[in-house]
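Trainee: I would like the atomic coordinates for the input below:
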Amino acid sequence: MDAHSDAVGRGQVSPAQIRGWRGTAACRVVGITYRQLDYWARTGLVEPSVRRASGSGSNRLYSFRDIIVLKVIKRLLDAGVSLQNIRMAVEALRRRGVKDLAEITLMSDGSRVYECRSAGEVIELLRGGHGVFGIAVRSTVTEVMGRLATLPGSEAPVRAPEQLHGRRQAEGAGEVPSRR
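Mentor: Predicted structure coming up:
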């Protein structure tokens with residue numbers, strides 16, 4: 001069973017509720033260039049889970065979770081973590097929903113990225129001399145929500161057409177906050 005049918009089957013989201021933000025909105029919220037976003041999508045670092053590009057002029061649509069992951073990547077890059085290590089961290093992040101993401105803190109010593117789920121794990125990592133900096137993903141979620149809420153009306157989320165329900169579309173489905 002794919003992620004979309006699994007999410008719909010659990011009553012989390014109906015196909016008509018899946019929304020996404022265009023790449024330009026994702027770039028504004030995350031603080032990256034469209035060229036960076038395009039590169040990350042083409043290399044598979046973070047592909048849009050609502051709708052991929054399907055030719056010239058088509059818009060990729062990014063879910064709320066996608067934008068959180070993009071923001072975490074940006075923070076890791078700003079902290080000097082290598083793209084290779086970021087790719088490993090992204091694999092772990094992809095398997096999580098927004099609620100799970102909000103409960104973790106990513107710690108890094110500049111070369112490796114560690115996932116901590118409690119203050120005790122953070123302290124243990126620091127005692128071992130591994131943690132140099134941390135990213136509380138909960139604050140990233142809050143920041144992304146706030147930035148998305150302030151986007152101009154043209155950057156509002158877009159509903160995905162019914163025919164676009166593919167395997168990757170539903171990653172993060174049901175976790176997009178409502179926007180009124």
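
Trainee: all contacts plus neighbour counts: C-alpha atoms, from now on.
Mentor: OK.

Trainee: Helix or strand for the closest residue to V141 other than its chain neighbours, just tell me which one.
Mentor: Nearest residue to V141, sequence neighbours excluded (Cα to Cα, 6 or more residues apart in numbering): I68, at 6.1 Å. Using DSSP states H and E, I68 falls within helix 64-78.

Trainee: buried ones in that helix?
Mentor: Residues 64-76 are the ones in helix 64-78 that count as buried (16 or more other Cα atoms under 10 Å).

Trainee: what residues does that helix touch?
Mentor: With contact meaning Cα atoms under 8 Å, 6 or more residues apart in numbering, helix 64-78 is reached by 20-21, 26, 29-32, 46-49, 83, 86, 90, 93-94, 97-98, 135, 137, 140-141, 144, 171-172, 175-177.

Trainee: and these, which are buried?
Mentor: 20-21, 26, 29-30, 46-49, 86, 90, 93-94, 98, 135, 137, 140-141, 144, 171-172, 175-176.

Trainee: Using the three-state scheme, assign M107.
Mentor: Following DSSP: H, G, I helix; E, B strand; the rest coil, M107 is assigned to strand.

Trainee: Model confidence score at it, please.
Mentor: Each residue has a pLDDT score; the one for M107 is 82.

Trainee: For it, list the residues it contacts.
Mentor: M107 touches V113, Y114, E115, C116, V122, G131, V132, F133, G134, I135, counting by Cα under 8 Å, 6+ apart.
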